[in-house]
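# Sequence and predicted structure, then a few things I'm wondering about:
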Amino acid sequence: QVQLVESGGGSVQAGGSLRLSCKASGYLYSRVCMGWFRQAPGKQREGVARILIVGDSPYYADSVKGRFTISRDNATVYLQMNSLSPEDTGMYYCAAGRLCGLGVTGYSDWGRGTQVTVSS
């Protein structure tokens, strides 16, 4: 089993930046990838970005390409978010899994989330 703890959320104005962190513990190498997902009130959880545990190979949702960067340093995964807009508001979750697209069903381990709020 893998435990994930997110941090770094907060409130920013549109155009601002935040950096999220996700620290993993447990047998991480039993998984293939880690990802960031977000969920706005009343909406489904959606994949934002993912990175392979071996080899990185970052992959992004179209909505965040060019603005967000996912990176990894050993057992910690980061999400650098720039040029934030109110549409980026939501709870951001870190996940680990073995099917490495941006669908939630590919991920078996989830953190509790960190809130990101972007005001206009």
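Thanks, I have the structure now.
# Follow the chain on from the helix or strand hosting W36 and name the next helix or strand.
Here W36, judged by DSSP states H and E, is contained in strand 33-39. Downstream of strand 33-39, the first helix or strand assigned by DSSP H and E is strand 46-52.
# what are the pairing partners of the following helix or strand past that following strand, and which direction each?
Later in the chain than strand 46-52, the nearest helix or strand by DSSP H and E is strand 56-60. When sheet partners are counted by DSSP bridges, strand 56-60 sits next to strand 46-52 (antiparallel).
# And the partner strand, what's buried?
For strand 46-52, the neighbour count (16 or more other CB atoms under 10 Å) marks 47-51 as buried. All C-beta atoms are positioned from the backbone trio N, CA, C, and that covers glycine.
# quick check, nearest of these to G10?
V48 (16.7 Å; CB to CB).
# and the strand holding W36, which strands flank it?
For strand 33-39, pairing defined by DSSP bridges yields strand 46-52 (antiparallel), strand 90-97 (antiparallel).
# can you redo the buried residues of strand 46-52 as TSV with distance to S71?
Below are the buried residues of strand 46-52 laid out as TSV (distance: CB to CB, whole Å):
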residue	distance to S71
G47	17
V48	13
A49	10
R50	12
I51	7
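# Pick the one among those residues closest to S85.
V48 (13.5 Å).
# if I look at the nearest residue to that closest one once chain neighbours are set aside, how far off is Y107?
Nearest residue to V48, sequence neighbours excluded (CB to CB, 6 or more residues apart in numbering): W36, at 4.5 Å. Look at W36 and Y107: by CB to CB, to the nearest Å, they are 10 Å apart.
# shared neighbours of those two, which are they?
Shared contacts of W36 and Y107, defined by CB atoms under 8 Å, 6 or more residues apart in numbering, are found at A95.
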